[in-house]
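# predicted model follows, preceded by the sequence.
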Amino acid sequence: MFSIQKTPIDVMALRHQMTDPTCGALVVFEGLVRNHHEGRDVEKLHYTHHPILAQK
């Protein structure tokens, strides 16, 4: 399964889909962001992606 989406990822739903023991693997990277960077407050994150490259 491969998905590019604009909505938050529901990790628990993905885990539920992978409960079949014949399935391969589920790899999820989750991170927490600190509230500061170089003495300044972190207010938001901006992610970019390249769907055409990711789908290849």
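Thanks, I have it. Numbers count the residues shown, from 1 in each chain.
# now the residue of the chain positioned farthest from its centre: how far from residue 46?
Relative to the C-alpha centroid of the chain, counting by C-alpha atoms, centre = their mean, residue 39 is the outermost residue, at 27.0 Å. The spacing between residue 39 and residue 46, counted by C-beta to C-beta, to the nearest Å, is 20 Å. All C-beta atoms are positioned from the backbone trio N, CA, C, and that covers glycine.
# hey, which helix is longest across this structure?
Criterion DSSP state H: the longest helix present in the chain is helix 11-17.
# roughly how far is it from the heart of the chain?
13 Å (C-alpha atoms, centre = their mean, to the nearest Å).
# residues near residue 4, how many?
By other C-beta atoms under 10 Å, 10 other residues sit near residue 4.
# how many neighbours does the spatially closest residue to it that is not a sequence neighbour have?
In this structure, residue 4 finds its nearest non-sequential neighbour in residue 51, 5.1 Å apart by C-beta to C-beta, 6 or more residues apart in numbering. Other residues near residue 51 come to 8 when the count uses other C-beta under 10 Å.
# do residue 14 as well
Going by other C-beta under 10 Å, the residues that sit close to residue 14 add up to 13.
# local confidence estimate at the nearest residue to it once chain neighbours are set aside?
Sequence neighbours aside, residue 26 is the residue nearest to residue 14 in space, at 6.2 Å (criterion: C-beta to C-beta, 6+ apart). Predicted confidence (pLDDT) for residue 26: 76.
# please look at residue 26 and residue 13 and confirm they touch.
No - Residue 26 is beyond contact range of residue 13, at 11.2 Å (criterion: C-beta atoms under 8 Å).
# okay, those two: which has more neighbours?
Neighbours were tallied for residue 26 and for residue 13 using other C-beta under 10 Å; the higher tally belongs to residue 26 (12 against 9).
# check contacts around that one.
When contacts are counted by C-beta atoms under 8 Å, 6 or more residues apart in numbering, residue 26 touches 14-15, 18.
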